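[1] Compute the structure for the input listed below.
(one chain, ligands or ions: 1)
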Amino acid sequence: MPDMDTMVSLCKRRGFVFQGSEIYGGIGGFWDYGPLGVELKNNIKRAWWKAMVQDRDDIVGIDAAIIMNPNVWVASGHVATFNDPLVECKNCHHRFRADEIPGEACPHCGNKGTLTEPRQFNVMFKTHVGPVEDDAAIAYLRPETAQGIFVNFSNVQQSMRKKIPFGIAQMGRSFRNEIITGNFIFRDREFEQMEMEFFVKPGSEDEWHDHWRDERLAWWKKTLNIRDENIRVKVIRKERTYIIGPDPDDVKEEKPPHYSKGNYDIEYRFPMGWSEVEGIASRTDWDLGAHQKLSGKDLTYFDDETKEKYIPYVVEPAMGVDRAVLVALFESYTEEVVRDEKRIVLRLPKTLAPLKVAVLPLARNRPEIVELAKKIVAELKPYMMAMYDDTASIGRLYRRQDEIGTPFCVTVDHQSALPGDEKYDGKVTIRDRDSMEQIRVPVAEVKNVLLSRLVE
Ligand code: GAP
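    Okay, here's the model as predicted:
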(Lines give C-alpha, C1' and ligand atoms only; values in the text may rest on other atoms or scores of the structure.)
Protein backbone atom coordinates (compact mmCIF):
# COMPACT_ATOMS: atom_id res chain seq x y z
CA MET A 1 0.00 0.00 0.00
CA PRO A 2 1.40 3.44 -0.84
CA ASP A 3 1.82 6.07 1.87
CA MET A 4 -0.54 9.01 2.18
CA ASP A 5 1.83 11.48 0.48
CA THR A 6 2.05 9.26 -2.61
CA MET A 7 -1.74 9.15 -2.79
CA VAL A 8 -2.15 12.91 -2.27
CA SER A 9 0.34 13.54 -5.04
CA LEU A 10 -1.30 11.08 -7.46
CA CYS A 11 -4.69 12.64 -6.74
CA LYS A 12 -3.42 16.12 -7.52
CA ARG A 13 -1.35 15.14 -10.55
CA ARG A 14 -4.16 13.19 -12.14
CA GLY A 15 -7.12 15.42 -11.25
CA PHE A 16 -8.85 13.47 -8.50
CA VAL A 17 -8.63 15.84 -5.52
CA PHE A 18 -7.19 19.32 -5.06
CA GLN A 19 -6.61 21.33 -1.93
CA GLY A 20 -9.58 23.67 -1.42
CA SER A 21 -8.87 27.32 -2.35
CA GLU A 22 -5.30 26.30 -3.16
CA ILE A 23 -4.25 29.57 -4.83
CA TYR A 24 -4.95 31.35 -1.52
CA GLY A 25 -2.93 28.89 0.51
CA GLY A 26 -5.81 26.49 1.11
CA ILE A 27 -8.20 26.20 4.04
CA GLY A 28 -7.85 23.34 6.49
CA GLY A 29 -10.31 20.50 6.15
CA PHE A 30 -11.84 21.50 2.81
CA TRP A 31 -11.04 19.70 -0.44
CA ASP A 32 -12.12 20.09 -4.05
CA TYR A 33 -12.82 17.09 -6.24
CA GLY A 34 -11.37 17.34 -9.74
CA PRO A 35 -12.75 15.89 -12.98
CA LEU A 36 -11.80 12.29 -12.15
CA GLY A 37 -12.53 12.53 -8.42
CA VAL A 38 -16.08 13.68 -9.00
CA GLU A 39 -16.70 10.72 -11.32
CA LEU A 40 -15.31 8.25 -8.79
CA LYS A 41 -17.33 9.84 -6.00
CA ASN A 42 -20.53 9.85 -8.06
CA ASN A 43 -20.02 6.20 -8.97
CA ILE A 44 -19.67 5.27 -5.30
CA LYS A 45 -22.80 7.25 -4.48
CA ARG A 46 -24.71 5.60 -7.30
CA ALA A 47 -23.64 2.13 -6.10
CA TRP A 48 -24.87 2.93 -2.57
CA TRP A 49 -28.19 4.35 -3.76
CA LYS A 50 -28.75 1.32 -5.97
CA ALA A 51 -28.05 -1.13 -3.14
CA MET A 52 -29.96 0.81 -0.49
CA VAL A 53 -32.94 2.23 -2.42
CA GLN A 54 -33.36 1.06 -6.02
CA ASP A 55 -32.86 -2.66 -5.38
CA ARG A 56 -35.12 -2.78 -2.31
CA ASP A 57 -38.83 -2.49 -1.56
CA ASP A 58 -38.41 -1.50 2.07
CA ILE A 59 -36.27 1.65 1.76
CA VAL A 60 -37.11 5.02 0.19
CA GLY A 61 -34.91 8.08 -0.29
CA ILE A 62 -35.19 11.76 0.61
CA ASP A 63 -33.12 14.91 0.20
CA ALA A 64 -33.65 17.25 3.15
CA ALA A 65 -32.33 20.80 3.62
CA ILE A 66 -28.88 21.26 5.13
CA ILE A 67 -30.03 24.05 7.45
CA MET A 68 -32.83 23.06 9.76
CA ASN A 69 -34.74 24.63 12.63
CA PRO A 70 -32.14 24.93 15.43
CA ASN A 71 -34.46 23.04 17.78
CA VAL A 72 -33.66 19.93 15.74
CA TRP A 73 -30.14 20.05 17.18
CA VAL A 74 -31.36 20.81 20.67
CA ALA A 75 -33.58 17.71 20.60
CA SER A 76 -30.94 15.50 19.00
CA GLY A 77 -28.48 16.35 21.76
CA HIS A 78 -25.94 17.95 19.42
CA VAL A 79 -26.17 21.45 20.98
CA ALA A 80 -25.46 20.04 24.43
CA THR A 81 -23.07 17.19 23.69
CA PHE A 82 -21.55 17.28 20.21
CA ASN A 83 -18.29 18.47 21.72
CA ASP A 84 -14.63 17.67 21.47
CA PRO A 85 -12.25 18.42 24.36
CA LEU A 86 -10.04 21.32 23.25
CA VAL A 87 -6.68 22.22 24.78
CA GLU A 88 -4.38 25.09 23.83
CA CYS A 89 -0.63 25.40 24.33
CA LYS A 90 0.08 28.60 26.30
CA ASN A 91 3.50 28.78 24.67
CA CYS A 92 2.85 28.34 20.93
CA HIS A 93 -0.97 28.78 20.96
CA HIS A 94 -1.59 25.70 18.85
CA ARG A 95 -4.84 23.88 19.62
CA PHE A 96 -5.38 20.16 19.94
CA ARG A 97 -7.96 17.57 20.84
CA ALA A 98 -7.15 16.54 24.40
CA ASP A 99 -8.02 12.90 23.70
CA GLU A 100 -5.50 12.73 20.85
CA ILE A 101 -2.44 13.96 22.76
CA PRO A 102 -0.27 11.09 24.02
CA GLY A 103 1.56 12.82 26.91
CA GLU A 104 1.80 16.15 28.72
CA ALA A 105 4.06 17.80 26.15
CA CYS A 106 2.73 20.05 23.43
CA PRO A 107 2.87 18.08 20.16
CA HIS A 108 3.87 21.26 18.29
CA CYS A 109 6.53 23.06 20.36
CA GLY A 110 7.40 20.18 22.70
CA ASN A 111 7.04 22.28 25.89
CA LYS A 112 5.84 20.42 28.94
CA GLY A 113 3.10 21.68 31.24
CA THR A 114 1.98 24.47 28.91
CA LEU A 115 -1.31 22.86 27.85
CA THR A 116 -4.51 24.41 29.25
CA GLU A 117 -7.21 22.36 30.95
CA PRO A 118 -9.55 20.84 28.31
CA ARG A 119 -12.68 22.83 27.53
CA GLN A 120 -15.64 21.47 25.62
CA PHE A 121 -15.74 22.78 22.06
CA ASN A 122 -18.96 22.29 20.09
CA VAL A 123 -18.05 21.20 16.58
CA MET A 124 -21.21 22.43 14.85
CA PHE A 125 -20.73 25.33 12.44
CA LYS A 126 -22.98 28.28 13.25
CA THR A 127 -24.53 30.73 10.86
CA HIS A 128 -27.37 33.26 10.85
CA VAL A 129 -30.61 32.99 8.96
CA GLY A 130 -31.97 36.28 7.60
CA PRO A 131 -30.46 39.77 7.76
CA VAL A 132 -30.20 40.17 11.55
CA GLU A 133 -27.20 38.54 13.16
CA ASP A 134 -28.60 38.14 16.66
CA ASP A 135 -28.92 35.01 18.80
CA ALA A 136 -32.49 34.43 17.70
CA ALA A 137 -31.28 33.98 14.11
CA ILE A 138 -28.60 31.38 14.87
CA ALA A 139 -28.76 28.20 12.83
CA TYR A 140 -26.36 25.33 12.31
CA LEU A 141 -24.93 23.61 9.28
CA ARG A 142 -25.97 19.99 9.83
CA PRO A 143 -23.27 17.79 11.39
CA GLU A 144 -25.06 14.65 10.17
CA THR A 145 -27.72 13.99 7.54
CA ALA A 146 -29.65 11.70 9.88
CA GLN A 147 -31.79 14.37 11.56
CA GLY A 148 -33.34 15.38 8.21
CA ILE A 149 -34.67 11.83 8.10
CA PHE A 150 -36.01 11.76 11.67
CA VAL A 151 -37.96 15.01 11.33
CA ASN A 152 -39.52 13.66 8.12
CA PHE A 153 -40.37 10.24 9.58
CA SER A 154 -44.15 10.83 9.66
CA ASN A 155 -44.24 12.67 6.31
CA VAL A 156 -42.51 9.80 4.56
CA GLN A 157 -44.28 6.99 6.39
CA GLN A 158 -47.71 8.46 5.66
CA SER A 159 -47.14 9.69 2.10
CA MET A 160 -45.53 6.42 1.03
CA ARG A 161 -47.78 4.23 3.26
CA LYS A 162 -44.73 2.35 4.55
CA LYS A 163 -45.09 -0.40 7.10
CA ILE A 164 -42.49 -1.11 9.75
CA PRO A 165 -39.80 -2.38 9.29
CA PHE A 166 -38.78 0.14 6.65
CA GLY A 167 -35.96 2.58 6.01
CA ILE A 168 -35.31 6.11 4.76
CA ALA A 169 -32.00 6.84 3.02
CA GLN A 170 -30.28 10.13 2.34
CA MET A 171 -26.94 11.34 1.04
CA GLY A 172 -25.52 14.82 1.28
CA ARG A 173 -23.08 17.27 2.78
CA SER A 174 -22.38 17.47 6.49
CA PHE A 175 -20.17 19.93 8.33
CA ARG A 176 -18.10 19.61 11.48
CA ASN A 177 -15.67 22.17 12.76
CA GLU A 178 -13.17 19.44 13.63
CA ILE A 179 -10.34 20.64 15.91
CA ILE A 180 -7.87 18.54 14.01
CA THR A 181 -8.34 17.65 10.39
CA GLY A 182 -5.94 15.51 8.47
CA ASN A 183 -5.00 12.39 6.63
CA PHE A 184 -6.07 13.99 3.37
CA ILE A 185 -9.82 13.56 2.78
CA PHE A 186 -10.22 11.23 5.76
CA ARG A 187 -11.21 13.89 8.30
CA ASP A 188 -12.70 17.02 6.79
CA ARG A 189 -14.73 19.96 7.97
CA GLU A 190 -17.07 19.63 4.98
CA PHE A 191 -17.79 16.09 3.84
CA GLU A 192 -20.49 13.88 2.43
CA GLN A 193 -22.41 11.21 4.25
CA MET A 194 -24.73 8.45 3.12
CA GLU A 195 -27.03 7.43 5.91
CA MET A 196 -30.05 5.20 6.25
CA GLU A 197 -32.39 5.11 9.23
CA PHE A 198 -34.13 1.74 9.47
CA PHE A 199 -37.26 1.88 11.65
CA VAL A 200 -38.08 -1.32 13.50
CA LYS A 201 -40.36 -2.62 16.22
CA PRO A 202 -38.82 -2.21 19.70
CA GLY A 203 -37.35 -5.53 20.76
CA SER A 204 -36.27 -6.48 17.23
CA GLU A 205 -33.43 -3.94 17.06
CA ASP A 206 -30.60 -6.31 18.01
CA GLU A 207 -31.49 -8.69 15.21
CA TRP A 208 -31.67 -5.83 12.71
CA HIS A 209 -28.41 -4.38 14.03
CA ASP A 210 -26.63 -7.65 13.21
CA HIS A 211 -28.42 -7.84 9.88
CA TRP A 212 -27.23 -4.40 8.82
CA ARG A 213 -23.68 -5.11 10.04
CA ASP A 214 -23.55 -8.09 7.67
CA GLU A 215 -25.23 -6.28 4.76
CA ARG A 216 -22.97 -3.27 4.98
CA LEU A 217 -19.77 -5.25 5.39
CA ALA A 218 -20.73 -7.28 2.31
CA TRP A 219 -21.44 -4.06 0.39
CA TRP A 220 -18.00 -2.62 1.16
CA LYS A 221 -16.22 -5.81 0.21
CA LYS A 222 -18.12 -6.29 -3.03
CA THR A 223 -18.44 -2.70 -4.24
CA LEU A 224 -14.89 -1.61 -3.45
CA ASN A 225 -13.39 -5.07 -3.93
CA ILE A 226 -11.72 -5.02 -0.50
CA ARG A 227 -9.52 -7.90 0.57
CA ASP A 228 -10.49 -9.60 3.84
CA GLU A 229 -7.25 -8.57 5.53
CA ASN A 230 -8.00 -4.86 5.03
CA ILE A 231 -11.47 -4.60 6.57
CA ARG A 232 -12.91 -5.45 9.96
CA VAL A 233 -15.70 -4.63 12.39
CA LYS A 234 -15.21 -2.93 15.75
CA VAL A 235 -17.96 -3.78 18.22
CA ILE A 236 -18.54 -0.93 20.67
CA ARG A 237 -20.82 -1.81 23.54
CA LYS A 238 -21.27 0.05 26.80
CA GLU A 239 -19.49 -2.83 28.58
CA ARG A 240 -16.63 -3.52 26.19
CA THR A 241 -15.03 -2.91 22.79
CA TYR A 242 -13.70 -5.72 20.61
CA ILE A 243 -12.82 -6.60 17.03
CA ILE A 244 -14.30 -9.06 14.58
CA GLY A 245 -11.64 -9.59 11.91
CA PRO A 246 -7.91 -8.87 11.52
CA ASP A 247 -5.65 -7.51 14.31
CA PRO A 248 -8.09 -8.25 17.14
CA ASP A 249 -5.62 -7.01 19.79
CA ASP A 250 -5.25 -3.59 18.21
CA VAL A 251 -8.22 -1.93 19.93
CA LYS A 252 -8.87 0.72 22.56
CA GLU A 253 -11.86 0.73 24.92
CA GLU A 254 -14.42 3.31 23.88
CA LYS A 255 -18.04 4.19 24.46
CA PRO A 256 -20.83 4.39 21.87
CA PRO A 257 -21.90 7.92 20.79
CA HIS A 258 -24.47 9.73 22.94
CA TYR A 259 -27.42 8.53 20.83
CA SER A 260 -26.43 4.88 20.50
CA LYS A 261 -26.90 1.81 22.66
CA GLY A 262 -24.15 0.08 20.70
CA ASN A 263 -22.16 0.49 17.48
CA TYR A 264 -20.58 -1.69 14.87
CA ASP A 265 -17.87 0.39 13.22
CA ILE A 266 -16.55 -0.84 9.89
CA GLU A 267 -12.81 -0.09 9.78
CA TYR A 268 -10.32 -0.07 6.94
CA ARG A 269 -6.58 -0.59 7.19
CA PHE A 270 -5.34 2.83 6.01
CA PRO A 271 -1.63 3.75 6.02
CA MET A 272 -2.24 5.63 9.30
CA GLY A 273 -3.81 2.53 10.87
CA TRP A 274 -7.27 1.02 11.24
CA SER A 275 -9.86 3.79 10.94
CA GLU A 276 -13.64 4.02 10.77
CA VAL A 277 -15.38 4.27 7.42
CA GLU A 278 -18.94 3.48 8.50
CA GLY A 279 -20.78 3.34 11.81
CA ILE A 280 -23.82 1.13 12.28
CA ALA A 281 -25.58 2.45 15.36
CA SER A 282 -28.47 1.10 17.36
CA ARG A 283 -30.15 4.45 18.04
CA THR A 284 -33.22 3.09 19.89
CA ASP A 285 -36.04 5.67 20.09
CA TRP A 286 -33.53 8.36 21.13
CA ASP A 287 -34.16 10.65 18.18
CA LEU A 288 -37.86 10.18 17.48
CA GLY A 289 -38.58 10.28 21.22
CA ALA A 290 -36.63 13.51 21.66
CA HIS A 291 -38.25 15.17 18.62
CA GLN A 292 -41.71 14.13 19.79
CA LYS A 293 -41.04 15.67 23.18
CA LEU A 294 -39.61 18.99 21.97
CA SER A 295 -41.88 19.51 18.95
CA GLY A 296 -45.04 18.30 20.66
CA LYS A 297 -45.89 16.36 17.48
CA ASP A 298 -46.99 12.72 17.62
CA LEU A 299 -44.23 10.62 16.07
CA THR A 300 -45.62 7.23 17.05
CA TYR A 301 -46.41 4.47 14.59
CA PHE A 302 -49.66 2.52 14.60
CA ASP A 303 -49.46 -1.11 13.54
CA ASP A 304 -52.77 -1.93 11.77
CA GLU A 305 -52.38 -5.65 12.23
CA THR A 306 -51.43 -5.90 15.90
CA LYS A 307 -53.17 -2.64 16.86
CA GLU A 308 -50.03 -1.59 18.74
CA LYS A 309 -48.83 2.00 18.91
CA TYR A 310 -45.19 2.73 19.56
CA ILE A 311 -42.21 4.95 18.81
CA PRO A 312 -40.08 2.87 16.42
CA TYR A 313 -36.51 1.94 17.25
CA VAL A 314 -33.81 2.78 14.73
CA VAL A 315 -30.79 0.99 13.29
CA GLU A 316 -28.56 3.35 11.32
CA PRO A 317 -25.81 2.48 8.85
CA ALA A 318 -23.93 5.78 8.28
CA MET A 319 -20.92 6.06 6.00
CA GLY A 320 -18.64 8.79 4.74
CA VAL A 321 -18.37 9.20 0.98
CA ASP A 322 -14.95 10.86 1.10
CA ARG A 323 -13.61 7.99 3.17
CA ALA A 324 -14.99 5.53 0.63
CA VAL A 325 -13.17 7.43 -2.14
CA LEU A 326 -9.96 7.08 -0.15
CA VAL A 327 -10.56 3.36 0.42
CA ALA A 328 -11.23 2.82 -3.29
CA LEU A 329 -7.95 4.55 -4.16
CA PHE A 330 -5.81 2.70 -1.61
CA GLU A 331 -7.37 -0.70 -2.20
CA SER A 332 -6.91 -0.49 -5.96
CA TYR A 333 -3.41 1.05 -6.06
CA THR A 334 -0.75 -1.33 -7.35
CA GLU A 335 2.80 -0.90 -8.53
CA GLU A 336 4.47 -3.47 -10.75
CA VAL A 337 7.47 -3.71 -13.03
CA VAL A 338 6.76 -4.32 -16.69
CA ARG A 339 9.72 -4.58 -19.06
CA ASP A 340 12.01 -2.86 -16.52
CA GLU A 341 9.61 0.03 -16.09
CA LYS A 342 7.43 0.85 -13.10
CA ARG A 343 3.73 0.58 -13.91
CA ILE A 344 1.23 2.17 -11.50
CA VAL A 345 -2.27 0.79 -11.91
CA LEU A 346 -5.47 1.66 -10.11
CA ARG A 347 -7.31 -1.65 -10.32
CA LEU A 348 -10.60 0.04 -9.56
CA PRO A 349 -13.76 -2.02 -9.92
CA LYS A 350 -15.10 -1.20 -13.38
CA THR A 351 -18.33 0.28 -12.03
CA LEU A 352 -16.29 2.79 -10.01
CA ALA A 353 -13.66 3.73 -12.61
CA PRO A 354 -13.99 7.46 -13.53
CA LEU A 355 -13.46 6.77 -17.25
CA LYS A 356 -14.48 3.47 -18.79
CA VAL A 357 -12.49 3.83 -21.98
CA ALA A 358 -9.87 6.03 -23.64
CA VAL A 359 -9.61 6.07 -27.40
CA LEU A 360 -6.08 6.71 -28.61
CA PRO A 361 -4.81 7.36 -32.13
CA LEU A 362 -1.49 5.66 -32.86
CA ALA A 363 -0.46 8.48 -35.18
CA ARG A 364 -1.89 11.92 -34.58
CA ASN A 365 -0.51 13.27 -37.84
CA ARG A 366 -2.76 10.97 -39.90
CA PRO A 367 -6.18 12.67 -40.26
CA GLU A 368 -7.95 9.39 -41.10
CA ILE A 369 -6.72 7.80 -37.85
CA VAL A 370 -7.63 10.84 -35.76
CA GLU A 371 -11.03 11.10 -37.41
CA LEU A 372 -11.88 7.45 -36.80
CA ALA A 373 -10.73 7.66 -33.17
CA LYS A 374 -12.92 10.73 -32.60
CA LYS A 375 -15.86 9.02 -34.29
CA ILE A 376 -15.51 6.01 -31.97
CA VAL A 377 -15.45 8.26 -28.89
CA ALA A 378 -18.60 10.04 -30.07
CA GLU A 379 -20.35 6.69 -30.53
CA LEU A 380 -19.32 5.48 -27.08
CA LYS A 381 -20.15 8.64 -25.14
CA PRO A 382 -23.93 8.03 -24.82
CA TYR A 383 -23.16 4.71 -23.12
CA MET A 384 -20.12 5.35 -20.94
CA MET A 385 -17.53 7.91 -19.86
CA ALA A 386 -15.10 7.94 -22.78
CA MET A 387 -12.25 10.26 -23.72
CA TYR A 388 -10.02 10.93 -26.69
CA ASP A 389 -6.33 11.56 -26.01
CA ASP A 390 -3.47 12.19 -28.39
CA THR A 391 -1.19 14.26 -26.17
CA ALA A 392 1.67 11.77 -25.85
CA SER A 393 3.13 8.60 -27.29
CA ILE A 394 0.98 5.48 -27.04
CA GLY A 395 3.12 4.00 -24.24
CA ARG A 396 2.74 7.15 -22.12
CA LEU A 397 -0.98 7.30 -22.86
CA TYR A 398 -1.43 3.71 -21.66
CA ARG A 399 0.51 4.45 -18.46
CA ARG A 400 -1.61 7.53 -17.81
CA GLN A 401 -4.85 5.57 -18.22
CA ASP A 402 -3.52 2.76 -15.99
CA GLU A 403 -2.75 5.31 -13.29
CA ILE A 404 -6.32 6.63 -13.28
CA GLY A 405 -7.89 3.18 -13.45
CA THR A 406 -9.45 3.26 -16.94
CA PRO A 407 -10.41 -0.39 -17.61
CA PHE A 408 -10.02 -0.22 -21.42
CA CYS A 409 -8.04 1.60 -24.07
CA VAL A 410 -9.03 1.46 -27.72
CA THR A 411 -6.15 2.11 -30.11
CA VAL A 412 -6.75 3.19 -33.67
CA ASP A 413 -3.85 2.47 -36.04
CA HIS A 414 -3.03 2.34 -39.73
CA GLN A 415 -4.66 -1.07 -40.11
CA SER A 416 -7.85 0.28 -38.58
CA ALA A 417 -8.27 3.44 -40.61
CA LEU A 418 -6.34 3.40 -43.86
CA PRO A 419 -8.03 1.26 -46.53
CA GLY A 420 -4.92 1.76 -48.70
CA ASP A 421 -2.70 0.08 -46.08
CA GLU A 422 -1.73 -3.44 -47.15
CA LYS A 423 -2.70 -4.83 -43.71
CA TYR A 424 -5.98 -2.88 -43.52
CA ASP A 425 -8.59 -4.83 -41.53
CA GLY A 426 -11.00 -2.14 -40.24
CA LYS A 427 -10.34 -3.37 -36.70
CA VAL A 428 -9.08 -1.58 -33.58
CA THR A 429 -7.15 -2.85 -30.57
CA ILE A 430 -8.87 -3.10 -27.20
CA ARG A 431 -6.38 -3.25 -24.35
CA ASP A 432 -7.32 -4.53 -20.91
CA ARG A 433 -5.96 -2.47 -17.97
CA ASP A 434 -5.30 -5.39 -15.64
CA SER A 435 -3.98 -8.12 -17.92
CA MET A 436 -2.65 -5.74 -20.59
CA GLU A 437 -4.07 -8.29 -23.03
CA GLN A 438 -4.90 -6.84 -26.44
CA ILE A 439 -7.61 -8.04 -28.81
CA ARG A 440 -8.54 -6.88 -32.32
CA VAL A 441 -12.19 -5.98 -32.75
CA PRO A 442 -14.10 -4.64 -35.81
CA VAL A 443 -14.96 -0.98 -35.32
CA ALA A 444 -18.70 -1.72 -35.45
CA GLU A 445 -18.39 -4.15 -32.52
CA VAL A 446 -16.39 -1.96 -30.13
CA LYS A 447 -19.38 -0.63 -28.23
CA ASN A 448 -20.94 -4.05 -27.57
CA VAL A 449 -17.64 -5.68 -26.65
CA LEU A 450 -16.95 -2.91 -24.12
CA LEU A 451 -20.48 -2.95 -22.69
CA SER A 452 -20.33 -6.71 -22.17
CA ARG A 453 -16.91 -6.50 -20.52
CA LEU A 454 -17.96 -3.64 -18.24
CA VAL A 455 -20.55 -5.83 -16.52
CA GLU A 456 -18.87 -7.25 -13.42
N1 GAP B 1 -25.48 9.85 11.92
C2 GAP B 1 -24.43 9.17 12.57
C3 GAP B 1 -23.11 9.77 12.30
O4 GAP B 1 -23.00 10.84 11.75
P5 GAP B 1 -20.55 9.37 12.59
O6 GAP B 1 -19.83 8.11 12.99
O7 GAP B 1 -20.23 10.61 13.32
O8 GAP B 1 -22.09 8.99 12.73
C9 GAP B 1 -20.71 8.58 10.12
O10 GAP B 1 -20.37 9.60 11.03
C11 GAP B 1 -19.64 8.49 9.06
O12 GAP B 1 -19.43 9.77 8.47
C13 GAP B 1 -18.27 8.08 9.59
O14 GAP B 1 -18.14 6.68 9.65
C15 GAP B 1 -17.35 8.67 8.54
O16 GAP B 1 -17.23 7.79 7.44
C17 GAP B 1 -18.08 9.93 8.11
N18 GAP B 1 -17.49 11.10 8.80
C19 GAP B 1 -17.75 11.56 10.03
N20 GAP B 1 -17.01 12.65 10.30
C21 GAP B 1 -16.26 12.90 9.21
C22 GAP B 1 -15.29 13.89 8.87
N23 GAP B 1 -14.96 14.88 9.72
N24 GAP B 1 -14.71 13.82 7.64
C25 GAP B 1 -15.04 12.84 6.77
N26 GAP B 1 -15.95 11.89 7.04
C27 GAP B 1 -16.56 11.91 8.24
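[2] Just list whatever residues bridge to the closest residue to the ligand within the chain.
    Proximity of the chain to the ligand (CB to the nearest ligand atom) peaks at residue 320, 2.4 Å away. All C-beta spots, glycine's among them, are computed from the backbone N, C-alpha and C. Following DSSP bridges, residue 320 is listed with bridge partners residue 193.
[3] Ok, residue 122 next?
    residue 83.
[4] count of residues packed around it?
    As a burial measure, residue 122 scores 19 neighbours (other CB atoms under 10 Å).
[5] can you check the one 3 residues further on too?
    Residues lying near residue 125 (other CB under 10 Å) number 16.
[6] Beta-bridge partners for the closest residue in space to it that isn't next to it in sequence, please?
    With CB to CB, 6 or more residues apart in numbering as the criterion, residue 125 has its nearest non-adjacent residue at 4.2 Å, and that residue is residue 141. Residue 141 has these beta-bridge partners by DSSP bridges: residue 67.
[7] Next up, the contacts around residue 141.
    66, 67, 124, 125, 127, 174, 175 (CB atoms under 8 Å, 6 or more residues apart in numbering).
[8] Can you tell me which of these end up in strands?
    127, 174, 175 (DSSP state E).
[9] Drop anything exposed from those.
    Neighbour counting with 16 or more other CB atoms under 10 Å marks 174, 175 as buried within those.
[10] What's the mean pLDDT across the longest helix along the chain?
    For the chain, the longest helix by residue count, based on DSSP state H, is helix 205-223. The average pLDDT within helix 205-223 is 98.
[11] Could I get the buried residue list for it?
    205, 208, 209, 211, 212, 213, 216, 217, 219, 220, 223.
[12] okay, those residues in JSON lines with distance to residue 386 next?
    Formatted as JSON lines, the buried residues of helix 205-223 follow (distance: CB to CB, whole Å):
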{"residue": "205", "distance to residue 386": "47"}
{"residue": "208", "distance to residue 386": "42"}
{"residue": "209", "distance to residue 386": "43"}
{"residue": "211", "distance to residue 386": "40"}
{"residue": "212", "distance to residue 386": "37"}
{"residue": "213", "distance to residue 386": "39"}
{"residue": "216", "distance to residue 386": "32"}
{"residue": "217", "distance to residue 386": "34"}
{"residue": "219", "distance to residue 386": "28"}
{"residue": "220", "distance to residue 386": "28"}
{"residue": "223", "distance to residue 386": "23"}
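[13] which parts of the stretch 1-150 of the chain sit against the ligand?
    Contact residues (CB under 6 Å from any ligand atom) of the stretch 1-150 of the chain with the ligand: 144, 146.
[14] if we go to 8 Å?
    Listed as neighbours of the ligand in the stretch 1-150 of the chain under the rule CB under 8 Å from any ligand atom: 29, 143, 144, 145, 146.
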